[in-house]
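In: Got a predicted model here, sequence first, then my questions.
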Amino acid sequence: MSSQENDLIQTVDDLHFYLIQAMKIEHATIPPYITALYSIKPGSNVEALEIIRSVAVEEMLHLTLAANVFNAV
């Protein structure tokens, strides 16, 4: 990493900005996964259903973690 990359977050306001961006990205990725999840017919392709469900849950966790850091700061 160059020193310029290390200087991206210098203030709490900078950190808030990047955390908000992270939350927006995570929030935007959840609906497509949930849509894909509910588009699978019940009882069919159970393996794909479980994979998509686990990814959706992970995205929800990422959103929660970013929000918790934002609140903590």
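Out: Received, thanks. Numbers count the residues shown, from 1 in each chain.
In: what's the next secondary structure element after the least confident helix or strand in the chain by mean pLDDT?
Out: Ranked by mean pLDDT, DSSP states H and E, the helix or strand of the chain with the weakest confidence is helix 3-6, at a mean of 60. Scanning the chain past helix 3-6 towards its C-terminal end, the next helix or strand to appear is helix 12-39 (assignment: DSSP states H and E).
In: Could you check how far the most centrally placed residue in the chain is from Pro42?
Out: Closest residue to the average C-alpha location of the chain: Glu26 at 2.8 Å, with CA atoms, centre = their mean. Counting by CB to CB, to the nearest Å, the gap between Glu26 and Pro42 amounts to 28 Å. Backbone N, C-alpha and C define where each C-beta goes, glycine included.
In: How about the contacts made by Val69?
Out: Contacts for Val69 (CB atoms under 8 Å, 6 or more residues apart in numbering) come out as Leu19.
In: Within the helices and strands, which one has it?
Out: According to DSSP H and E, Val69 maps onto helix 46-72.
In: what's the answer for Pro42, then?
Out: When elements are defined using DSSP H and E, Pro42 is found to belong to no helix and no strand.
In: Would you list the phi and psi of the residue lying farthest from the centre of the chain?
Out: With CA atoms, centre = their mean as the measure, the chain has its most outlying C-alpha, relative to the mean C-alpha position, at Gly43: 27.9 Å. With angles defined as degrees, to the nearest 10, Gly43 shows backbone torsions of phi 80, psi -10.
In: That one and Val69: what is the separation?
Out: Counting by CB to CB, the gap from Gly43 to Val69 is 40 Å.
In: now Ser54
Out: Counting by CB to CB, the gap from Ser54 to Val69 is 23 Å.
In: low pLDDT regions in this protein?
Out: Applying pLDDT under 70 to the predicted model, the residue ranges of the chain that meet it are 1-6.
In: how about 90 then?
Out: Counting by pLDDT under 90, the chain contains low-confidence residues at 1-8, 43.
In: No further questions, thank you.
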